[in-house]
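Chemist: only the shape, not the letters, is given here:
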């Protein structure tokens, strides 16, 4: 992760796509499924004073790992249709909580997920 200041308070964060994964949890009747997607783009910005955020986080829906090859194959084929719609995007719009610019922070990043959309070039 690389962070830089864009203005008086606005911060830009660029996530390393080689080492960053997005975790997911899916509730099921018998148990909760834990898994990851590979991040393919990770650029975001936020302003701690106004709580506004923006940018784009993109994961590859075809590269998921939940611990079950059969489940991953079904999810990719029947739910995500990742052969047609490979990208899953998250566009943040605001943060909730306190961002500590010089140390550990805990906050929620709110925004919009997009699946089943053709990738833009």
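Modeler: On my side now, so go ahead. Worth saying up front: this structure is predicted, and the values here are computed from it rather than measured.

Chemist: now for the top strand by length along the chain, which elements pack on it?
Modeler: Using DSSP state E, we find that the single longest strand of the chain is strand 32-47. Packing partners of strand 32-47 (3 or more Cβ pairs under 8 Å, 6 or more residues apart in numbering; DSSP states H and E): strand 11-14, strand 21-27, strand 52-65, strand 87-98. Where C-beta positions appear, they are placed from N, C-alpha and C, glycine not excepted.

Chemist: what's downstream of the longest one, the next helix or strand?
Modeler: Toward the C-terminal end, the helix or strand that comes next after strand 52-65 (DSSP states H and E) is helix 69-74.

Chemist: over that next one, what's the mean pLDDT, rounded is fine.
Modeler: Mean per-residue pLDDT for helix 69-74: 90.

Chemist: before we move on, back to that, neighbouring strands for the longest strand of the chain, and are they parallel or not?
Modeler: strand 11-14 (antiparallel), strand 21-27 (antiparallel), strand 52-65 (antiparallel) (DSSP bridges).

Chemist: could you export those as TSV, including mean neighbour count, distance to residue 110 and mean pLDDT?
Modeler: Output for these, formatted as TSV (neighbours: other Cβ atoms under 10 Å; distance: least, Cβ to Cβ, whole Å; pLDDT from 0 to 100):
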stretch	mean neighbour count	distance to residue 110	mean pLDDT
strand 11-14	16	16	89
strand 21-27	12	16	86
strand 52-65	19	8	92
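
Chemist: turn those strands into CSV, columns for distance to residue 98.
Modeler: What follows is the strands paired with strand 32-47, written out as CSV (distance: least, Cβ to Cβ, whole Å):
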stretch, distance to residue 98
strand 11-14, 13
strand 21-27, 22
strand 52-65, 14
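
Chemist: nothing else from me, thank you.
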